[in-house]
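>>> Structure of the sequence below:
(chains A, B, C and D)
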2 protein chains.
Amino acid sequence: MGTIKDIAQKAEVSISTVSLVLNNKGYVGEETRKKVQQAIQDMNYKPSRSARKLATGKTGNIGFIIWEGHFYDVEMFYSQIFLGMEYAARKTDSYVILTTVKEEFDPKKEVPRFLKYNDVDGVALAGRVPHTLVEYLDRQRIPIVLIDYAIPGKNYNCIQIDNYHGAYQAVDHLAKTGKKRIGFVGGTYFHPSIKERYRGYRDALEANNLIGNGMPEEYTFVENVETSPLIGEKGISVLLDRNTDLDAVFCCNDPTAMGAMKEIQKRKIKIPDEIAIVGFDDIPTSGFCMPRLTTVSVPKLALGKEAFNLLNEVIDQPSEPPQVRTIGTFLVKRESA
Amino acid sequence: MGTIKDIAQKAEVSISTVSLVLNNKGYVGEETRKKVQQAIQDMNYKPSRSARKLATGKTGNIGFIIWEGHFYDVEMFYSQIFLGMEYAARKTDSYVILTTVKEEFDPKKEVPRFLKYNDVDGVALAGRVPHTLVEYLDRQRIPIVLIDYAIPGKNYNCIQIDNYHGAYQAVDHLAKTGKKRIGFVGGTYFHPSIKERYRGYRDALEANNLIGNGMPEEYTFVENVETSPLIGEKGISVLLDRNTDLDAVFCCNDPTAMGAMKEIQKRKIKIPDEIAIVGFDDIPTSGFCMPRLTTVSVPKLALGKEAFNLLNEVIDQPSEPPQVRTIGTFLVKRESA
DNA sequence: ATTTTATATTAAAACGTTTTTAGAAATCAT
DNA sequence: ATGATTTCTAAAAACGTTTTAATATAAAAT
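Numbering: from 1, shown residues only, chains lettered A, B, ... in the order given. Model prediction:
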């Protein structure tokens, strides 16, 4: 493969000079630079990663942590975020290495391999993730950025979805199409994103003068478990049984909406005429179900890219104060609403 | 963090000795070993990956390549294989780094980053992947293993799903429940897995004396494009229009089955009474659709684990002849058949 | 009793970079 | 023309391991 030494020899310069042109540093004469670049080209030379990393002290890896359960979900949400990070990584010389964690995290029992062996320069965490893990990372002074998650009362770097406006838009759309009694179905209420979506829901109701007569209290179903199609089924059941005048429902995410849709169809209720439904996330399934789901689309790739970039900035400037960046959403109108 | 030098100092031995106990190599006296291990414990020492890799010449990474399109699929099939690899990797000191490739691959234009910079010791490729890429890897003498794919006429290390028996079981189940006119819907016929599934389908028909009267020719829909729900819709449409006596269909995978299901329901045909349907893969969605899909389950984690292990063997013993390992499947009986 | 062989330890070389330091040559200001 | 900068290049140290070769002792075989 050839080493930096071979290049130096071929270009008739010192190793140091080769290194300088390689890294665009210091002063290098124009013709010397050309000679070196030519040699690099000719020999198809690629610097050794390990050697480089050993010399610089960086690992060149960044870690990506998600809850294991998301790998068994119906949704591809987190995979796409991961892909976004990978795309961003391609413009750098870092690799993204992924690992999953269990619901609970105890640093005394087990920490992810790449943390244990100091093999990452920083880590991105997506979705709901154990607080103890985030605190552990913070304590170890490992640069982190949270994706689509935040820990109440704590201030970390994070990439947020614009949950509030997304939900607002969705519910506003329902109202504008004439729906009056709009329900809300959600899970894990303590998840900040869900809270924001509820806020958007409420404010959109208010803006459309739909508050009152039990709205939204009686039309809200929230249970403190991981969101899933099952929660959707259960939620819509409760709402339908409680409010005979329900004519639309905003589900806190697409899997929940899928479940709700299933239950609604089971009861032979027509979508969207009798009950309109809108979700949140725009996972691939939403485009294939029947009827296709109207939903708030989240630019997942952008989420990953931004996370990667922010993380890199944090790694370079560790002392900067935590940043929050918000990624916009947009409503995808399909047949369910 | 402490280096090997600090350990040597603390344990009052040489650096070499520390290295020997670290790697369980050579001769080391019992008490010396204890002293060293104690020091390692006390200082919570972790060897530097870069230094180690530089010295050994290995990268400690293995690459995982899939077609980019699979990240936009409805299915989590490949994500789970990836997770299986990650699980296996945890028992070693290797990391799995993932990248995607486009449908076409031209080494002159662009090669995956980790190949370009020699940052992996070997690579696993899952699903349909450009032939030119596989040949490129082979030419570069990079150890590879294919997962759920094979290139006709070529002999590579690979982990296969038992497509034949899986399909056979599925179709046999349909026959045993009294179905007589069983269709087949598939895509990308040149994909070896699909071919095998078709073979299993045919043989099961034969074993149940269902060949004849246009079976299976008239009851087969195959189109040479990537499998998808759309292919399922189209396939079942053609079959239904052509054969009024169709009473069951075996779809070459779950996404296809999803599409078929949608179309069948659109035509107000009852599943499974009028038309029974069975898929292949057991992706998460299959458990949530309505009715839930009977399908052939593929142990995806096992697939990934085996791939990782085989790849590691190949890396250690590059001159061994190519191996094929087959992972069994099992039928998950749900409501669609 | 002497040679082999097995066990135990270490010094030193090697892995391929980046970075620091130093020195020379060219340019500039006086 | 002299000294001060700026531009250019190279030698050498540093990064933290593994591996090879060397040396020393203990045990076994002749």
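>>> which parts of chain A sit against DNA strand C?
Contact residues, chain A versus DNA strand C (CB under 7 Å from any atom of the strand): A:3-5, A:15-16, A:18-20, A:22-23, A:25-26, A:45-48, A:51-52, A:54-56. (C-beta placed from N, C-alpha, C; glycine too.)
>>> Among those residues, the buried ones, what's the PyMOL command?
Buried residues among the residues of chain A next to DNA strand C (16 or more other CB atoms under 10 Å in any protein chain shown), as a PyMOL selection:
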select buried, chain A and resi 4+18+19+20+22+45+47+48+52+54
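>>> now, which of the residues of chain A next to DNA strand C lie within helices?
Those of the residues of chain A next to DNA strand C mapping onto helices are A:4-5, A:15-16, A:18-20, A:22-23, A:51-52, A:54-56, per DSSP state H.
>>> how about the residues you listed in a markdown table, adding pLDDT?
Shown next, in a markdown table, are these (pLDDT from 0 to 100):
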| residue | pLDDT |
| --- | --- |
| A:Ile4 | 96 |
| A:Lys5 | 95 |
| A:Ile15 | 95 |
| A:Ser16 | 95 |
| A:Val18 | 96 |
| A:Ser19 | 97 |
| A:Leu20 | 96 |
| A:Leu22 | 96 |
| A:Asn23 | 95 |
| A:Ala51 | 97 |
| A:Arg52 | 96 |
| A:Leu54 | 96 |
| A:Ala55 | 96 |
| A:Thr56 | 95 |
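>>> now what about the helix or strand harbouring A:Tyr198, what contacts it?
Assigned by DSSP states H and E, A:Tyr198 belongs to helix A:192-207. For helix A:192-207, contacts defined as CB atoms under 8 Å, 6 or more residues apart in numbering or on different chains pick out A:148-150, A:152, A:161, A:163-172, A:175, A:182, A:184, A:186-189, A:211, A:215-216, A:220, A:222, A:227, A:250, A:252, A:280.
>>> so what does the helix or strand just after it touch, helix or strand wise?
Later in the chain than helix A:192-207, the nearest helix or strand by DSSP H and E is strand A:220-223. Counting contacts by 3 or more CB pairs under 8 Å, 6 or more residues apart in numbering or on different chains; DSSP states H and E, strand A:220-223 is packed against strand A:182-187, helix A:192-207, helix A:229-242.
>>> where does A:Ile40 fall, phi/psi-wise?
Backbone dihedrals for A:Ile40, given as degrees, to the nearest 10, come out at phi -60, psi -50.
>>> and A:Phe64, what is it in contact with?
By CB under 8 Å, 6+ apart, the contact set of A:Phe64 is A:82, A:85, A:96-99, A:123-126.
>>> Select only the buried ones of those in ChimeraX?
Entered in ChimeraX, the line below selects the buried ones among those, by 16+ other CB under 10 Å:
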select /A:82,85,96,97,98,99,123,124,125,126
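>>> A:Asn293 - nearest residue in space that isn't next to it in sequence?
For the record, residue A:293 is Leu, not Asn. With CB to CB, 6 or more residues apart in numbering or on different chains as the criterion, A:Leu293 has its nearest non-adjacent residue at 4.0 Å, and that residue is A:Ser286.
>>> The one you found in helix, strand or coil?
Secondary structure state of A:Ser286, per DSSP: H, G, I helix; E, B strand; the rest coil, is helix.
>>> on that earlier part again, also near chain B: which of the contacts of A:Phe64, exactly?
Restricting these to those adjacent to chain B (criterion: CB under 8 Å from any CB of the partner chain) gives A:82, A:96-99.
>>> Which residues does A:Pro95 form beta bridges with?
Slight slip there: residue A:95 is Tyr, not Pro. With DSSP bridges as the criterion, A:Tyr95 is bridged to A:Asn61.
>>> hang on, A:Gly214 packs against A:Asp245?
No. Contact criterion CB atoms under 8 Å: A:Gly214 and A:Asp245 do not qualify, at 9.6 Å.
>>> My read is that A:Phe82 contacts A:Gly304, right?
Yes. Counting by CB under 8 Å, A:Gly304 is a contact partner of A:Phe82 at 6.3 Å.
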